[in-house]
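J.: 3D model of this:
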Amino acid sequence: MLINFLTLFPEKIRSYFESGLPRKALDNKIFEIKIINLRDFSEDKFGRVDDTVYGGGPGMLLKVAPIDRALKSIGEEKGMVLLTSPAGEIYTQGLATEFKNSGNNITIISGYYEGVDHRVREYLVDREVSIGNFVLSSGDLPALCIADSVIRLIPGFMGGGSDSLSDESHNVEGVLEYPQYTKPESYNGWIVPEVLRSGNHSEIKKWNEKNRKTQIPE
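T.: A predicted model of the protein is given here:
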């Protein structure tokens with residue numbers, strides 16, 4: 001899978017993939033990334049990609065032309081085009097699984113300022129995605145959240161830890177993981193539940209299921 005990032009700040013995206021599991025998976029060619037600087041497709045020598053709003057209004061909008069040219073530069077490797085936007089559908093583990101299972105490459109456009117020219121939404125984007133009902137200063141963090149949640153589902157990304165994927169939060173919609181503990185069994189008088197120290201796997205499984213948390217919808 002190839003993930004393309006359309007961004008004004010390539011260094012923000014690049015730095016995320018320079019360490020940890022993402023770096024190892026890249027080195028092992030589990031997935032690929034391509035980082036496209038939108039300013040390279042500007043219409044003027046100053047690299048401007050935004051402009052004022054027709055009809056008036058606060059802030060600036062990303063222009064349609066630089067985004068269109070940037071997408072065309074990717075060619076057939078573009079795949080599914082996503083726009084990070086507060087107005088998009090709320091991102092879930094289900095969407096991460098859908099994107100991974102689609103077999104398509106993904107191109108993520110980071111939103112900025114007051115947003116984008118609406119023609120980007122109308123003609124250039126397949127899906128708009130929001131990572132939650134709050135506002136960030138740019139779409140780069142949401143783009144990385146989306147990418148990370150997808151690539152970690154690719155076989156080989158987690159190395160020998162693939163078993164953990166089947167038992168983690170959100171794999172069943174609205175259900176989170178149960179409480180987990182490690183050594184020491186007592187710290188500051190805070191004791192690991194006895195059943196988890198018993199070695200009785202049947203009882204441990206019952207305890208885990210009983211103590212799973214459920215996510216309360218808004």
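J.: Poorly predicted segments of this protein, please.
T.: Along the chain, the model assigns pLDDT under 70 to residues 160-174, 215-218.
J.: From one end of stretch 20-39 to the other, what's the distance?
T.: 29 Å (CA to CA, to the nearest Å).
J.: buried stuff in that stretch?
T.: For stretch 20-39, the neighbour count (16 or more other CB atoms under 10 Å) marks 21-22, 25-26, 30-31, 33, 35-39 as buried. C-beta coordinates here come from the backbone N, C-alpha and C atoms, glycine included.
J.: And stretch 84-102, by the same measure?
T.: Those would be 84-86, 88, 91, 93, 95-96, 99-100, for stretch 84-102 by 16+ other CB under 10 Å.
J.: any idea how far the most centrally placed residue in the chain is from D50?
T.: Taking CA atoms, centre = their mean, the centroid of the chain lies closest to I146, which sits 1.3 Å from it. The span separating I146 from D50 equals 23 Å under the rule CB to CB, to the nearest Å.
J.: mind putting the buried residues of stretch 20-39 in CSV, secondary structure and distance to T7 included?
T.: What follows is these, written out as CSV (DSSP: H, G, I helix; E, B strand; the rest coil; distance: CB to CB, whole Å):
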residue, secondary structure, distance to T7
L21, helix, 21
P22, helix, 16
A25, helix, 20
L26, helix, 17
I30, coil, 22
F31, coil, 17
I33, strand, 11
I35, strand, 7
I36, strand, 7
N37, strand, 7
L38, helix, 7
R39, helix, 10
